[in-house]
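S.K.: sequence first, then the predicted structure, then my questions.
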Amino acid sequence: MKFLISDSLLIAAVVTHEDHEFIREIWRTHWGGAVMVSRGKIYHISELSALIAKKDDKYKGALTYSVCGEESECITLNALTQYQGIGTALVLAWENWARQHHVKRLWLITSNDNLKALRFYQKRGFRLCRIYPGAIDAARCQKPSIPLWGDKGIPIHDEIELEKWLTV
């Protein structure tokens, strides 16, 4: 699967060893390690599908996701340069993939402090659907590197779930 976006931005499924190493490095530098915790479940890079964004053969971002039946969860989204359309292109590619595979519901978890993510996803049609008070406090038992404080000095305690229902 490949999507060519304007200005030579290419979105493709992760396939090469180099692609996997790029994802590992993003997780290490941006997410504090080789595992992610969402809704109490531990995810490893090797268990997930991923999309990468490249421009002029240089990595620009990545989105990792899991699939369960007719649902797909975005585990991570990273654009190496903000406000260039990279995150949006990755989300749109994920949506296109989901439609092709008859996935009906896209969803993700973010933390209560992540105001940028809440704004970003809502502007792209995702809706707030659940809040899990204390879920991040509990996740620290599985991943101690999760910080106590986040954006703008907001204490990080809760998971917020957003969803988008797709029409095929």
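M.R.: Nice, I can see it.
S.K.: mind listing what Ile154 touches?
M.R.: Under the criterion of C-beta atoms under 8 Å, 6 or more residues apart in numbering, the neighbours of Ile154 are Asn112, Asp113, Leu115. Every residue, glycine included, has its C-beta placed from N, CA and C.
S.K.: neighbours around the last one, how many?
M.R.: Neighbour count of Leu115, defined by other C-beta atoms under 10 Å: 14.
S.K.: next, the contact list for it, please.
M.R.: Leu115 touches Asp151, Lys152, Ile154, counting by C-beta under 8 Å, 6+ apart.
S.K.: give me the pLDDT value at it.
M.R.: With respect to pLDDT, Leu115 scores 96.
S.K.: ok, now Ile5?
M.R.: 62.
S.K.: same deal with Ser111?
M.R.: At Ser111, the model reports a pLDDT of 96.
S.K.: of the contacts of Leu115, which is the nearest to Ile23?
M.R.: Asp151 (23.5 Å; C-beta to C-beta).
S.K.: surely Ile146 and His157 touch.
M.R.: No: here Ile146 does not reach His157: they are 10.6 Å apart, not a contact under C-beta atoms under 8 Å.
S.K.: quick check: neighbours shared by the two?
M.R.: In contact with both Ile146 and His157: Ile136, using C-beta under 8 Å, 6+ apart.
S.K.: so where's the chain shaky on pLDDT?
M.R.: The chain contains residues with pLDDT under 70 at 1-7, 168.
S.K.: quick one, helices of it?
M.R.: 17-31, 86-100, 115-123, 135-139 (DSSP state H).
S.K.: the second one: how far from the chain's middle?
M.R.: Relative to the chain's own centre, helix 86-100 is displaced by 11 Å; criterion: C-alpha atoms, centre = their mean, to the nearest Å.
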